[in-house]
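Undergrad: let me see the structure of the following:
(one chain, ligands or ions: 1)
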Amino acid sequence: MPEIKGGIALVGSGSATPSQRLTNDQLGLRVETSDEWIRTRTGISERCVCGAGENLVGLGSSAARSALEMAGWDSCTLDLVILATSTPDDLFGSAPQIQAQIGASKAVAFDLTAACSGFLFAMVTAAQYLRTGSVRRALVIGADQLTRWVDWDDRTSCVLFGDGAGAIAMEAQEEGGDGLIGFKLKSDGSRGECLNLPQFQNSLPLVDEKTHQKGGFSTIQMNGPEVYKFAVREVPAILEELLNSTNIASETLDWLLLHQANQRILDAVADRFDIPHNKVLSNLSKYGNTSAATIPLMFDEAVRDGRIQQGHLIASSGFGAGLSWGAALFRWQGPL
Ligand code: ACO
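TA: Numbers count the residues shown, from 1 in each chain. This next block holds a predicted model:
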């Protein structure tokens with residue numbers, strides 16, 4: 001861990017989801033599945049899907065605005081906006097569009113891609129800027145519109161995903177405790193093929209004998225059982241490493257906040273640490289897997305309904321394509 005020059009406070013959160021809801025029964029009109037199969041295998045009952053006129057920048061901006069409002073910050077006081085996403089509206093990046101929409105005129109804004117681990121990777125990245133003192137106020141957004149890239153005729157994957165966005169406002173503070181107590185991040189590209197969204201292999205004639213490749217992506221390709229095994233092996237391992245390295249006992253955690261991919265994964269991780277299931281945050285049933293958005297979306301819901309309170313200690317872990325995974329321990333400060 002780098003030397004900590006000052007603390008970081010988590011002072012605001014926000015979230016947004018599209019207005020269109022798709023239930024399991026409705027999905028059953030498209031593919032051969034059932035509400036019972038989806039609920040028992042995943043815990044998902046419905047998900048939100050962007051309809052006409054909705055997009056990633058809109059969702060991300062809306063989550064950003066509500067986090068700014070909770071923090072009590074004027075958007076022009078923001079120094080940094082990091083958007084964790086794998087589904088930008090623009091391949092060159094969507095963070096600057098969000099920066100413009102929320103009026104964060106002096107903030108630098110960029111995208112960061114680490115699939116479903118993206119939010120934690122972005123949070124840790126923002127923390128590095130905050131710790132060096134080069135940035136005082138940062139907004140970390142996790143937003144994804146994976147339903148753009150789902151094969152709606154593949155019942156093994158289309159039932160899992162939904163769209164959403166969440167954001168957390170982080171501030172450098174000279175005094176007081178540190179809100180980001182520790183983290184671990186990992187990647188393993190050698191296992192990347194069990195979950196990816198590859199480019200089409202399209203070669204077209206250019207001039208003479210030369211060719212060029214035409215851009216375009218396929219749909220989400222996933223080996224569900226392999227991803228499941230990866231998650232139940234690596235998430236407990238990285239959490240254990242983090243708890244050991246920070247000398248924090250799992251009994252002292254107020255909440256376990258995992259990437260919302262499958263309720264069976266959440267339960268398996270909680271059982272590994274003997275964490276009671278009522279301390280495991282879950283909103284999978286309403287939103288499914290919203291990729292980089294799941295952690296801040298769940299966080300914001302629990303802050304707003306009063307489950308997460310000032311000073312609460314949260315262990316979080318994200319995992320997904322790459323493969324990538326990570327864990328972080330943080331404390332909620334709330335508006336200063
Ligand atoms: N409805 C009905 N039956 C289905 C469906 C469906 N939607 N999908 C698969 N089945 C069938 C299969 O065809 C198979 O039938 P068969 O036995 O006749 O061949 C049977 O159900 C069992 O299939 P499995 O794939 O073995 O089912 P499993 O219990 O592993 O559950 C699931 C599948 C839910 C995908 C699970 O493997 C899982 O959750 N994996 C993790 C996936 C994940 O989390 N991905 C995202 C993580 S990273 C990120 O967020 C991008």
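Undergrad: quick check: the residue in the chain sticking out farthest from the centre vs the ligand, distance?
TA: Centroid-distance maximum for the chain: Asp208 at 46.0 Å, with CA atoms, centre = their mean. Noted for Asp208: a distance of 42 Å to the ligand, by CB to the nearest ligand atom, to the nearest Å. Just so you know, the C-beta spots here come from the backbone N, C-alpha and C atoms, and that holds for glycine as well.
Undergrad: now swap in Ser66 and tell me
TA: The gap separating Ser66 from the ligand is 24 Å, by CB to the nearest ligand atom.
Undergrad: which one is that residue nearest to, not counting chain neighbours?
TA: The spatial neighbour of Ser66 that comes closest, neighbours along the chain excluded (CB to CB, 6 or more residues apart in numbering), is Gly14 at 3.0 Å.
Undergrad: same check, this time on Ala328
TA: Per CB to CB, 6+ apart, closest to Ala328 is Phe183, 4.2 Å.
Undergrad: quick check: which element contains Cys15?
TA: Not quite, residue 15 is Ser, not Cys. Assigned by DSSP states H and E, Ser15 belongs to strand 7-16.
Undergrad: is the lengthiest helix in the chain up against the ligand anywhere?
TA: Within the chain, and with DSSP state H defining each element, the longest helix by residue count is helix 224-246. Yes. Judged by CB under 6 Å from any ligand atom, helix 224-246 and the ligand are in contact via Gly224, Pro225, Val227, Tyr228.
Undergrad: just the buried ones among those residues, please.
TA: Buried subset of those (neighbour count, 16 or more other CB atoms under 10 Å): Val227, Tyr228.
Undergrad: spatially, which two of the residues of helix 224-246 next to the ligand are the most separated?
TA: Farthest pair in the residues of helix 224-246 next to the ligand (CB to CB) is Pro225 and Val227. Separation: 7.4 Å.
Undergrad: and the closest residue to Asn24 other than its chain neighbours, what does it touch?
TA: Counting by CB to CB, 6+ apart, Asn24 lies nearest to Asp35, which is 3.9 Å off, once chain neighbours are set aside. Applying CB atoms under 8 Å, 6 or more residues apart in numbering, we find Asp35 in contact with Thr23, Asn24, Asp25, Gly28, Ser45.
Undergrad: would you format the residues you listed as CSV with neighbour count and distance to the ligand included?
TA: Listed next are these as CSV, based on neighbours: other CB atoms under 10 Å; distance: CB to the nearest ligand atom, whole Å:
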residue, neighbour count, distance to the ligand
Thr23, 14, 14
Asn24, 21, 9
Asp25, 13, 12
Gly28, 16, 8
Ser45, 17, 13
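Undergrad: which one of those residues sits closest to Ala63?
TA: For the contacts of Asp35, the nearest to Ala63 is Ser45 (22.3 Å; CB to CB).
Undergrad: tell me how many other residues surround Gly326.
TA: For Gly326, the neighbour count with other CB atoms under 10 Å is 27.
Undergrad: got the contact list for the helix or strand harbouring it?
TA: Secondary structure from DSSP H and E places Gly326 in strand 324-331. Residues outside strand 324-331 that contact it (CB under 8 Å, 6+ apart): 10, 114-117, 120-121, 123-124, 177, 179-188, 230-231, 234-235, 238-239, 241-243, 246, 248, 311-319.
Undergrad: list the buried residues in the host helix or strand of Glu36.
TA: Assigned by DSSP H and E, Glu36 falls within helix 35-42. Residues of helix 35-42 classed as buried: Asp35, Ile38, Arg41, Thr42 (neighbour count, 16+ other CB under 10 Å).
Undergrad: thinking the last one is in contact with Leu160, fair?
TA: Yes. Counting by CB atoms under 8 Å, Thr42 touches Leu160, with 6.4 Å between them.
Undergrad: and the helix or strand harbouring the residue nearest to Ala328, which strands flank it?
TA: For Phe183, the enclosing helix or strand under DSSP H and E is strand 180-187. Using DSSP bridges, the strands paired with strand 180-187 are strand 324-331 (antiparallel).
Undergrad: what angle sits between the partner strand and strand 7-16?
TA: Here the directions of strand 324-331 and strand 7-16 differ by 110 degrees (axes from the mean of the first three to the mean of the last three CA atoms, to 10 degrees).
Undergrad: say whether the ligand is contacted by strand 324-331.
TA: No. Taking CB under 6 Å from any ligand atom as the criterion, strand 324-331 and the ligand are apart, separated by no less than 9.3 Å.
Undergrad: can you check what angle separates that strand from helix 224-246?
TA: 40 degrees.
Undergrad: pull the CA atoms of strand 324-331 into PDB?
TA: Only the C-alpha atoms of strand 324-331 are listed here, as PDB (Å, rounded to 0.1, in the frame of the first residue of the first chain):
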ATOM      1  CA  SER A 324     -10.700  -9.200 -13.300                       C
ATOM      2  CA  TRP A 325     -11.600  -9.100  -9.600                       C
ATOM      3  CA  GLY A 326     -11.000  -6.900  -6.600                       C
ATOM      4  CA  ALA A 327     -12.000  -6.100  -3.100                       C
ATOM      5  CA  ALA A 328     -12.100  -3.000  -1.000                       C
ATOM      6  CA  LEU A 329     -12.900  -2.100   2.600                       C
ATOM      7  CA  PHE A 330     -14.500   1.300   3.100                       C
ATOM      8  CA  ARG A 331     -16.400   3.300   5.700                       C
END
